[in-house]
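# attaching a predicted model along with its sequence, questions to come.
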Amino acid sequence: MARRKGRRYKWTILPMVSVPILFLVVPIIFFQVYFSLHQWTAYLGEWWQADFVGLDNFRDVLGESRFYLSFLRSLIFAGSSTVLCLVIGFTLAYLMRDPFPGRSVFYLLFITPMLIVPVAIGYDFEMLLVQKGPLNQLLSWLAGREIQVAWFAEAVPAFVSIIFIEVWNWTPFVFILMLAGITSMPKEPIEAARVLGASPVQIFFHVQIPLLRPVIVLALILRFLEALGEYPKVWSLTRGGPGSYTETMPVYLFITSWEHFNISKGAAMSYVVLLVVAAIVYLCIRLLVREKRTLEMLYGR
Amino acid sequence: MTKAAKRRLRSIGRYAALGVWLAIVAFPLLWALMTSFKPPYQWFTWPPTWIANPFTLNNYRVVWLGELLDTQYVQSASIQTPFFALVNSIIIAGTSTLLSVILGVLLAYGVSRYGILSERSLFRLLILRMVPPIVVAVPVVIYYSTLGLSDTYLGLIIIYVVTTLPYSVWMTKSFIDEVPVEMEQSAELLGASRLRTIWEVVFPLIRSGVVATFMFILILTWSEYLMALLLSATNISTLPVQLNKYEGSTEGRLYGWQQALSIGVTVPLIVIGYAIHKHLVRGFSFGMLKR
Amino acid sequence: MGEIRLVKLRKEFKGTVAVQGTDLDVKEGEFLVLVGPSGCGKTTTMRMIAGLEDPTSGEIHIDGRLANDLEPGQRNIGMVFQNLALFPHKTVFENIAFGPRMKKVPRDEIRSRVEQVARTMHISHLLHKLPAQCSGGEAQRVALARTLITNPGVYLLDEPLSNLDAKLRKEMRAEIDRLHKDLRKTFIYVTHDQEEAMTLADRIVVMRDGRVEQVGTSMEIYHDPVNQFVATFFGSPAMNILDGEVRRKERGPAFVFSGWHVPLKDLGEVPDGPASLGVRPEGVRLEGATEGYRARVSLVEPLGKETLVYLDYGAERLMVAVAGPTFQAQEGEMLEFDLGAGRLYLFNAKGGRIGHE
């Protein structure tokens, strides 16, 4: 009886949900493939009149060092910001695991950056990071000497800036996950470890971290993938500059497609990136499913 | 050292460490807020103006009420009020969130009670979210312009519904899972129909959860930038996209006005975020946390 | 080794007093049970001994040393938690090996010690399994093994059997008893089950609302309870409490209840007034009754080795009597019973024990 109901439900709901999804996904895949294999210049005609050029677009993309560099920058950007988010977020969560006066105030303030529209964050920091701007003045005051870093005009500071802003924006995300994980950890194994003579450091590495592994993995995966595709902040802050030192993959993609109007190349580039990201996503999903199994094994259902 | 002294030291250390990050978090926020109250000649000075003096509400009046103020400092009078974008944001974010939540609840109920999707499939749903939008931006734009969906409400709404569906399914599922199946079963044994059971037994118990999910997704759709930018032109425009418009030809970035808009766009999100802060983690823990 | 002394130990939590100024001496090698209803402070007391909870005031002495400032791992104790607290991500072997590993014992020695302890606890076949894959009883043994391997001077067991089903509980109870006799170390055991307390303990500490009501052996507690609470807590079915009055009359001092009249021998200083009489069910004799009390049968429960008879004597509560296995009676039947067969206990209105009976 239940199975029959279930089947009926399934076949009513799934189509309802699948239709919009497929409506979007299938044509996109089609267009992605189409455009990467055709050369289309917008003003010369409609897209279905574009010339078939085989793998030429891909050759363009894959032979270009600018593309590889942008992807590399994205990897470094995503990797370092994710790691920093994890370290800071975890530390904050660990410090806040026990109740103390003012804890909820800290919590609310700490989650705030995540609630702010990213492009607004970009413009906010633009104000702060101007060479003759408040951040430099503050740093000068703190250090006791003149600090006038050109946060936009120089390569390394610019890259550091975008990483920092990403960390500023998304540490709350990791923080919330870590705090929830830490506070939902059962207390008894930790107490048992104390009675068995383990030092706080030993308890941390042998008991607490292993119990938190599923959440940590989740935070890393979600953050890394999102950081790979981060666009609004980098764009509003540096537009990829100076030169192309902060030109991450999304920025270069955007420039190719919408500033140079090279749709075909943009499509081919998107396609390559999509394949790489899809591979990463596939691995990540398998990892998540495995972590879920671990979690169930640890705690029972 | 005694235990009590150790504890005091630890407490001070904790406040100090947290205080550092608090300062880092608060500094940009306070600066943005302060700038929104600064008159134009203080927007970009050296040394920077830390306190708005005189404190003025003009920026808000210009941006939100459309008044022509401070024209002696700023020539760009072509800034339109964001009301148009505000209405659009409300319509687009509101509708897409509503649809996303409804579909999410329906799907989540099916998964929770009937297992209509395997766990693996549920995780696969996350693909919709994990793929960076920039990567599919090109085909989406062309596809939409072919279909005539560019620059329409429907086009953007469809995208938002599809991309937030993973969150709404997972989040409502976690709430539905907390209602014991036995409650529904006993209601049915007492003669209630399926629909009545759902309405009178299940729904009241998950109501606050559904509201929290709604708010969470609302935050996501409200602040989305890339797709809104690419798919809006004259007919529609959302608030985040409007932030780009605040650049004067001669004066550079119109910080005061921009921040006045920024604050106005952000405050509702912060309020919503604070209201549901206890439930935030459910939105993106995807089953990795013990309940 | 293994002596514990608590001096005026007190624990307050935000407004409530969990443990009130308790003094206790635990002798080396004894099996001490802390027993009482939920919230009486027994677990809190144990946790303070363990060092997992800091006392608000008072002293804890372990092995003659003041232990208040010692970390749990430095107190030479072992603890088994109510929900076992096994490390879910570690195998049984790794769980047991944890203690020695933290003390940097060399790997070979760890291995041999773990195997030895596993043999003692009959879990050698489980060493490579995870806690989630073990049954309740098996997991219980792993928890014991984990403590055993560290060879502490004192074993603390916090309601270790409450998560097991009835049959398993009896088995594990016997195991714990055997373990204690083999090790001859001090065991401090917390439970809310009075039967467990009676069977396992050398001495029992009865607690209520943070206060120690009585300390004594099982026999002392059972036959000489210091107040009504202790009297009714122990014994199943519970002692009958008959509400009435003490009255000195012409015929001599007596306890009057529901129209009945129980002559009392040695009243001493007890004043007239409201009081309660305590009679254990086994002290209410139904067969061959001569004293003349009568009541109506309300319910008969044959249990096999004995029969419980519930009597309605005119008050709100029913009196419970224990009769032989072949005893039979009809509901509604009027029966005669004796009260003088066993001991009688007299309690004042506040539940304190009065008189000598």
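Great, that's in hand.
# where does the chain have low pLDDT?
In the absence of a named chain, chain A is used. For chain A, the stretches with pLDDT under 70 are A:1-4, A:42-45, A:300-301.
# switch to chain C, please.
Looking at chain C by pLDDT under 70, you get C:250-251, C:266-269, C:355-357.
# what of the stretch 51-200 of chain B?
Scanning the stretch 51-200 of chain B for pLDDT under 70 picks out B:71-81.
# smallest gap between it and chain C, at which residue?
Using CB to the nearest CB, the single residue of the stretch 51-200 of chain B nearest to chain C is residue B:119, 18.1 Å away. Every residue, glycine included, has its C-beta placed from N, CA and C.
# what's that residue in contact with, if anything?
Contact analysis of residue B:119 by CB atoms under 8 Å, 6 or more residues apart in numbering or on different chains lists A:289, A:292.
# now do the SS call for residue C:33.
Here residue C:33 is strand, with the state taken from DSSP: H, G, I helix; E, B strand; the rest coil.
# does stretch C:125-136 reach chain B?
No. Counting by CB under 8 Å from any CB of the partner chain, chain B is not contacted by stretch C:125-136; separation bottoms out at 13.0 Å.
# next, the distance between the ends of that stretch.
15 Å (CA to CA, to the nearest Å).
# helices or strands up against the helix or strand hosting residue A:85?
Using DSSP states H and E, residue A:85 sits in helix A:65-95. Contacts defined by 3 or more CB pairs under 8 Å, 6 or more residues apart in numbering or on different chains; DSSP states H and E place helix A:65-95 against helix A:155-183, helix A:209-228, helix A:249-254, helix A:263-299, helix B:3-35.
# ok so, going back, and the residue of the stretch 51-200 of chain B closest to chain C, how close does it get to residue A:13?
Separation of residue B:119 from residue A:13 (CB to CB, to the nearest Å): 17 Å.
# one more: residue A:119?
With distances taken as CB to CB, residue A:119 is found 36 Å from residue A:13.
# tell me the mean pLDDT over stretch B:18-32?
Regarding stretch B:18-32, the rounded mean pLDDT is 93.
# what distance separates that stretch from the centre of its chain?
21 Å (CA atoms, centre = their mean, to the nearest Å).
# hmm, who's touching that stretch?
By CB under 8 Å, 6+ apart, the surrounding residues in contact with stretch B:18-32 are A:88, A:92, A:95-96, A:106, A:109-110, A:112-113, A:116, A:120-121, A:124-125, A:127-128, A:134, A:138, A:168, B:259, B:262-263.
# mind telling me what element the residue nearest to residue A:24 when sequence neighbours are not counted is part of?
Once flanking residues are discounted, residue A:24 sits nearest to residue B:162: 5.2 Å by CB to CB, 6 or more residues apart in numbering or on different chains. Using DSSP H and E, residue B:162 falls within helix B:153-177.
# assign a three-state SS to the residue in chain C positioned nearest to chain B, would you?
Going by CB to the nearest CB, chain B is nearest to residue C:69 of chain C, at 5.8 Å. Per three-state DSSP, the secondary structure class of residue C:69 is coil.
# over to residue C:157?
When classified by three-state DSSP, residue C:157 comes out as strand.
# who's in contact with the longest helix seen in chain C?
The single longest helix within chain C, with elements called by DSSP state H, is helix C:166-183. Residues outside helix C:166-183 that contact it (CB under 8 Å, 6+ apart): C:31, C:136-137, C:140-141, C:144, C:148, C:155, C:157, C:160-161, C:164, C:187, C:189, C:196, C:199-200.
# mind listing which of those residues are in helices?
Using DSSP H, the contacts of helix C:166-183 in helices are C:136, C:137, C:140, C:141, C:144, C:148, C:196, C:199, C:200.
# kindly tell me how buried the last one is, as a neighbour count.
Taking other CB atoms under 10 Å in any protein chain shown as the criterion, the count of residues near residue C:200 is 24.
# isn't it right up against residue C:34?
No. Assessed by CB atoms under 8 Å, residue C:200 is found out of contact with residue C:34, at 11.6 Å.
# got the domain ranges for chain C?
Listed domain ranges for chain C are C:4-232, C:237-354 (source: automatic domain parsing).
# closest one to residue A:222 among the ones you listed?
Residue A:222 sits nearest to domain C:4-232 of all these, at 22.5 Å, using CB to CB.
# check the offset of that closest one from the chain's centre.
When distances are taken as CA atoms, centre = their mean, domain C:4-232 is centred 13 Å away from the chain's centroid.
# stretch B:158-176 too?
Between the centre of stretch B:158-176 and the centre of its chain there are 14 Å (CA atoms, centre = their mean).
# the contacts of stretch B:18-32, buried ones only, as a PyMOL selection?
In PyMOL syntax, the buried subset of the contacts of stretch B:18-32 is picked out as below (16 or more other CB atoms under 10 Å in any protein chain shown):
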select buried, (chain A and resi 88+92+95+96+106+109+110+112+113+116+120+121+124+125+127+128+134+138+168) or (chain B and resi 259+262+263)
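# narrow the contacts of stretch B:18-32 to those in helices?
Under the assignment DSSP H, the contacts of stretch B:18-32 contribute A:88, A:92, A:95, A:106, A:109-110, A:112-113, A:120-121, A:124-125, A:127-128, A:134, A:138, A:168, B:259, B:262-263 to helices.
# residue A:57 against residue A:37, yeah?
Yes. Using CB under 8 Å as the test, residue A:57 is close enough to residue A:37 to be in contact (7.1 Å).
# ok, those two, which is more surrounded?
Neighbour totals were compared for residue A:57 and residue A:37, and residue A:57 leads with 25 against 20 (other CB under 10 Å).
# in contact with residue 140, which residues?
Looking at chain A here, since you left the chain open. Residue A:140 sits next to A:146, A:147, A:148 when contact means CB under 8 Å, 6+ apart.
# right idea, wrong chain: chain C
Neighbour list for residue C:140: C:84, C:160, C:161, C:164, C:172 [criterion: CB under 8 Å, 6+ apart].
# same question, residue B:260
Neighbouring residues of residue B:260 by CB under 8 Å, 6+ apart: B:36, B:59, B:60, B:62, B:63, B:64.
# what is the burial count for the last one?
Yep, that's residue B:64 we're talking about. 16.
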